[in-house]
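[1] Let me see the structure of the following:
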Amino acid sequence: MVKAFIEASGDNVETSPSLYVFFDRDRYLFECGEGTQRYVTQRNSFSLAKLNAIFLSSLSWDSVGGVMGSLLTMSDIGTNEVVIYAPVGFSAILQAAKPFLKRSLIVHVKEVVSSHQFQDESLRVQILPISNKPNTEQQQQQQPSVNHITIGGNSQSSSSSNNNNNKTPQSDDENESSSSSFDPINAECTTRQGSPQSTILSTTTTSNLQEDREDQTRETKRKKTEESPEQSLRFTVDQDTSSSPEQHKSLDSPRKSIDSDVVHCYIVRSNEFAGTFLPDKAKELGIRPGPLFKRLVAGESLTNQDGILVHPHQVMEPASPSSNIGIIRCPTIEYIQGVIGCKEFSEYFRKDDPTNAKKILTVFHIAPKVVLNHPDYLTFIERFGDETKHIIMNQESCQYFPSFQRSEQFVTQLSLLTSSLFPSGVKPRQVSPILTPQNEARISPSLAKNMLPINKITRVTLGPPKQAGEIEFLSLSDCINDGLITTPDNTNQQNNQQQQNISEQSNNQTEDSEMNYKVAKQVVEKCVLSNSKFSSQMEEIKSMEAKLESMEKLDSEMYPRILFTGTGSAIPSLLRNVTGHHVLMETGAGMLLDAGEGTFGQMSRFYGPDKIDYVLAGLRVIWISHLHADHHLGTPGILQKRLELEKRDNIKLPPVIVIAPQSIITWLNKTDKVRPLGHIGISIDRMANEIKTLKPALIDLGIVEIINVPVIHCYKAFGIVVTLKNGFKFTYSGDTRPCPLLASEGKSSDVLLHEATMSDDLWEEAIKKRHSTVGEALKVGKDMGAKFTILTHFSQRYPKMPQLEQNQRARFGLAFDLLQVAPFQYPLLESLIQPANTLAEFERLKDIQERNDTVSTSVIPKKVGAKQKQQQQQQQKQQKRKQIDNDDKENEKEKEKEN
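    The predicted structure is shown next:
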């Protein structure tokens with residue numbers, strides 16, 4: 001019997017809502033916000049490589065911000081093509097991103113304008129565009145039905161398939177193949193009429209467009225740069241604050257007429273579940289066991305030895321009806337009329353007609369509290385009937401669930417070593433009931449009971465049919481088995497238990513954070529007890545921390561404070577996000593040096609719900625070092641979050657100035673035309689011409705000089721040297737080989753942030769990939785005369801600690817995610833190296849021992865039922881919690897004895 005389910009995760013600090021649909025052979029993803037590719041690394045049941053299609057409900061970065069990074073990852077793991085359904089405008093964002101999507105991956109983008117149905121072997125999805133504007137339907141009908149657009153040198157068809165794992169889907173209203181082709185440089189789309197029932201703009205994008213010619217040109221320029229770097233671009237800022245800057249205005253051309261506010265809702269229907277095969281019946285009808293059985297199950301009619309035709313329905317139980325799920329995105333009350341007026345939803349109303357055979361098991365609502373409490377919306381969802389569950393996905397009523405538990409535990413371990421450099425844990429957010437008391441009293445008790453806040457990872461079973469509609473609340477550790485479904489025998493008992501526990505689960509905001517803290521604390525305390533050297537290292541660093549905190553400090557010793565939002569290279573991992581640095585000045589203003597995907601989530605984790613708005617409001621400049629995606633994909637999300645802050649609080653903030661290579665500015669400007677970002681984009685090459693625009697921001701930051709230094713990595717790659725009004729000077733390398741020009745321009749820097757991607761033994765690979773080793777980075781700091789060097793951008797082959805040579809004599813520290821360091825704390829960061837290394841080695845050996853113990857004691861179990869398996873899992877969880885509590889008690893006793 002087929003196993004199928006949908007897993008939903010909520011609107012958390014690090015990740016936005018997403019839904020993952022699993023069938024035995026097929027996978028689907030609804031929403032792909034920032035952090036998706038990192039989130040996937042923790043969930044074995046979640047495979048990007050097996051995705052049949054991605055569905056994006058809006059052009060908000062909460063929906064699309066993880067697509068580019070996920071496409072790069074999918075290409076790297078061997079995926080040849082992917083299908084994406086999205087609102088109109090998404091293809092423009094994707095096409096603008098082609099300069100940094102250098103992969104041989106075919107992307108079929110289907111921009112849906114009116115109601116359209118996707119269908120394949122497992123699933124049917126009705127895509128329902130919803131507008132917040134009146135009379136949209138009439139406007140849609142005037143548009144062409146289907147536009148087929150092919151972009152790429154070899155003009156791939158949107159129906160082509162080069163990957164067994166990624167099948168281009170069928171479409172109920174799209175039966176012809178693409179036939180358009182055109183000059184890929186001066187692209188002019190051809191249009192063809194299709195079915196009048198729907199409108200789709202279908203784009204097939206090959207991301208290696210013109211690569212050979214462009215790469216050859218860039219390689220020539222790169223070699224020239226390596227041999228003789230370009231001149232540094234120096235900008236000095238007059239600190240005369242009396243001069244009033246011109247009114248900030250966008251440098252972009254007028255916005256195109258794309259309704260970027262349209263959202264998509266969905267009705268997701270599994271195909272009918274085939275009945276169970278009856279082998280005894282097949283034998284009675286003269287079919288011999290073996291391959292013939294498989295052919296019958298596959299739907300083939302066979303002739304037995306007597307010449308009688310045997311059909312599949314004769315040896316199969318009747319098929320079970322499909323399982324139906326609704327997904328509704330309703331961002332504001334302006335969308336409510338569009339949602340409730342959607343006739344496709346009305347087909348599933350059972351409140352007034354209980355005999356209606358069409359039933360939706362569960363509706364997922366991505367909607368704020370103001371929408372959920374609107375009388376019209378409540379009337380609408382009540383009409384689905386008493387059996388439909390409603391899962392709510394918002395920040396106001398849903399508990400926080402840490403999306404990156406391993407990272408949370410690791411950062412907590414570091415905070416236990418030195419609490420002044422790391423946060424102690426994600427700050428919990430305040431949640432409130434979904435419904436106001438007045439509305440809860442007004443609606444039916446069954447609806448009030450059926451409106452459930454999303455909890456952790458919420459799984460709804462689609463099949464087997466007998467378990468369809470069952471809801472489970474899982475932690476990340478529960479999602480380790482690909483497709484494993486554990487369901488109790490008594491469905492009614494399960495549903496009753498869910499209702500009894502839901503309030504307790506939703507109100508327990510800090511359960512997971514407390515568990516992460518306990519696990520981290522236990523590791524540190526065990527290391528202390530087993531390693532006297534670590535114990536003395538802990539005492540030393542605690543003593544230094546107390547001494548530094550008690551000293552009087554100058555402003556130049558307090559600021560700038562540098563927060564490392566990501567310290568890994570290329571792709572995010574369990575413990576290290578991709579590159580980003582938030583530099584907080586004494587004025588309260590801030591700038592970002594690179595902003596890889598997930599930067600906003602990392603900032604939110606560190607600053608918490610009380611401070612993140614203040615930090616966003618104070619952001620004045622984002623500086624991007626080069627074109628590679630791991631250094632800038634978080635930029636649009638930060639800009640959109642800042643615009644949302646302005647709208648929510650009814651304030652006007654000066655626009656963020658983005659300084660970057662021109663190709664990134666072009667991408668952001670094109671994205672801004674589709675979905676507003678509110679930025680001012682300035683190419684690094686044009687900074688001299690834009691000093692009047694830059695001046696107010698640089699004054700707010702206390703910057704008196706910026707030097708953009710060409711470095712040795714890729715075409716138009718830069719490092720930066722910044723001098724502040726208080727005399728502090730810092731240098732950031734970006735990605736580079738050791739660069740003499742950077743060492744010269746950054747002479748006598750107070751701190752150097754330098755990439756150290758490889759260990760010293762991998763120097764040949766570092767040369768090949770144009771990165772630096774640890775030793776090379778420290779030598780640059782020495783040649784520069786930097787007072788302190790912080791190494792970052794480590795290869796993900798070093799999950800916790802990079803490999804260090806024993807004889808390193810330089811003054812340096814290592815960067816970790818969510819480390820924030822002020823100048824007076826540099827000695828503390830240097831002292832952290834040894835205890836952090838000892839702790840990492842202790843954990844490594846402990847993990848090896850645990851794996852060996854597991855292998856030596858494991859016995860192949862007999863087949864157990866679902867109920868038994870669930871009981872075993874619950875027992876294992878209880879034992880783990882009990883063990884942690886016992887260890888805590890033992891550690892407390894040991895401390896009491898010592899005292």
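
[2] hey, let's count contacts and neighbours off CA atoms from now on
    OK.

[3] Quick check: which ranges of the chain have low pLDDT?
    Within the chain, the stretches falling below the threshold (pLDDT under 70) are 1, 135-230, 235-257, 426-428, 476-513, 806-808, 853-899.

[4] Report the residue ranges of every domain in it.
    Listed by the TED database, the domain ranges of the chain are 277-316, 560-848.

[5] Arg406 versus Met515, what's the distance?
    Distance from Met515 to Arg406, counting by CA to CA, to the nearest Å: 12 Å.

[6] again, but for Lys692
    Counting by CA to CA, the gap from Lys692 to Arg406 is 46 Å.

[7] Within the helices and strands, which one has the residue of the chain positioned farthest from its centre?
    For the chain, the C-alpha lying farthest from the average C-alpha position belongs to Asp306; by CA atoms, centre = their mean, that distance is 60.3 Å. When secondary structure is defined by DSSP states H and E, Asp306 falls outside every helix and strand.

[8] From Pro279, how far out is it?
    Asp306 sits 18 Å away from Pro279, taking CA to CA as the criterion.

[9] which residues in the stretch 301-450 of the chain form helices?
    Counting by DSSP state H, counting those that start in this stretch, the stretch 301-450 of the chain has helices at residues 336-340, 343-346, 369-372, 375-382, 405-417, 437-442, 445-450.

[10] Quick check: which of these has the most neighbours on average?
    Each of the helices of the stretch 301-450 of the chain was given a mean neighbour count from mean count of other CA atoms under 10 Å, and the largest, a mean of 22, is that of helix 405-417.

[11] quick check, distance from it to the centre of its chain.
    Averaging C-alpha coordinates over helix 405-417 and over its chain gives two centres that are 20 Å apart (CA atoms, centre = their mean, to the nearest Å).

[12] Pro676 is in what secondary structure piece?
    Here Pro676 sits in a region with no helix or strand, counting by DSSP H and E.

[13] which residues sit in contact with it?
    For Pro676, the contacting residues are Gln640, taking CA atoms under 8 Å, 6 or more residues apart in numbering as the criterion.

[14] now it: how far from Leu698?
    24 Å.

[15] wait, which of the helices of the stretch 301-450 of the chain is closest to Phe816?
    If you check each of these against Phe816 by CA to CA, helix 405-417 wins as the nearest, at 8.2 Å.

[16] C-alpha coordinates for that closest one, PDB please?
    Written as PDB, here are the backbone C-alpha positions of helix 405-417 (Å, rounded to 0.1, in the frame of the first residue of the first chain):
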ATOM      1  CA  GLN A 405      18.700  22.200  16.100                       C
ATOM      2  CA  ARG A 406      22.300  21.000  15.600                       C
ATOM      3  CA  SER A 407      23.400  24.600  15.100                       C
ATOM      4  CA  GLU A 408      21.500  25.700  18.100                       C
ATOM      5  CA  GLN A 409      23.200  23.100  20.300                       C
ATOM      6  CA  PHE A 410      26.700  24.000  19.000                       C
ATOM      7  CA  VAL A 411      26.200  27.700  19.500                       C
ATOM      8  CA  THR A 412      24.900  27.000  23.000                       C
ATOM      9  CA  GLN A 413      28.000  25.000  23.700                       C
ATOM     10  CA  LEU A 414      30.200  27.900  22.700                       C
ATOM     11  CA  SER A 415      28.100  30.300  24.800                       C
ATOM     12  CA  LEU A 416      28.700  28.100  27.800                       C
ATOM     13  CA  LEU A 417      32.500  28.700  27.200                       C
END
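
[17] what residues does that helix touch?
    The set of residues that contact helix 405-417 without belonging to it, under CA under 8 Å, 6+ apart, is 402, 421-425, 476, 516-517, 519-521, 523-524, 538, 541-542, 574-576, 817-818, 832, 835-836.

[18] Can you flag which of those residues belong to strands?
    By the criterion of DSSP state E, membership of these in strands covers no residue at all.

[19] These in helices, which ones?
    Filtering those for membership in helices, criterion DSSP state H, returns 516-517, 519-521, 523-524, 538, 541-542, 832, 835-836.

[20] Ile340 contacts Phe380, doesn't it?
    Yes. Using CA atoms under 8 Å, Ile340 makes contact with Phe380 at a distance of 6.1 Å.

[21] hang on, the earlier thing: can you redo the domains of the chain as JSON lines with distance to Ala49?
    Rendered in JSON lines, the data for the domains of the chain read as follows (distance: least, CA to CA, whole Å):
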{"stretch": "domain 277-316", "distance to Ala49": "25"}
{"stretch": "domain 560-848", "distance to Ala49": "16"}
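
[22] Out of those domains, which one sits most buried?
    Compared across those, domain 560-848 shows the largest average neighbour count, a mean of 21 (mean count of other CA under 10 Å).

[23] What's the end-to-end length of it?
    Using CA to CA, the distance between the terminal residues of domain 560-848 is 41 Å.

[24] How far does that domain sit from its chain's centre?
    In terms of CA atoms, centre = their mean, the centre of domain 560-848 is set 19 Å apart from its chain centre.

[25] thinking again about what came up before, of all the domains of the chain, which one comes closest to Val82?
    domain 560-848 (19.1 Å).

[26] What does the residue nearest in space to the middle of the chain show for phi and psi?
    Here the mean C-alpha position of the chain is nearest to the C-alpha of Gly35 (CA atoms, centre = their mean), at a distance of 1.4 Å. Dihedral angles of Gly35 (phi, psi; degrees, to the nearest 10) stand at phi 90, psi 0.

[27] Next, work out how far apart it and Glu597 are.
    Look at Gly35 and Glu597: by CA to CA, they are 7 Å apart.

[28] With Ser114 instead?
    The span separating Ser114 from Glu597 equals 31 Å under the rule CA to CA.

[29] Over to Tyr732?
    When distance is defined by CA to CA, Tyr732 is 19 Å away from Glu597.

[30] What strands flank the helix or strand harbouring Leu462, and is each parallel or antiparallel?
    When secondary structure is defined by DSSP H and E, Leu462 falls within strand 457-463. Strand 457-463 has the following strand partners under DSSP bridges: strand 4-9 (antiparallel), strand 471-474 (antiparallel).

[31] Identify, out of the ones you listed, the most deeply packed stretch.
    strand 4-9 (a mean of 22).

[32] Can you give the contact residues for that one?
    Contacting residues not belonging to strand 4-9 are listed as 16-24, 454-464, 483 [CA under 8 Å, 6+ apart].

[33] Might you report the residue contacts of His713?
    222, 735-737, 769-771.

[34] looking at this, Leu72 is in a helix?
    Yes. With DSSP: H, G, I helix; E, B strand; the rest coil as the criterion, Leu72 is part of a helix.

[35] So it is in contact with Phe100, correct?
    No. Applying CA under 8 Å, one finds Leu72 not in contact with Phe100, separated by 9.4 Å.
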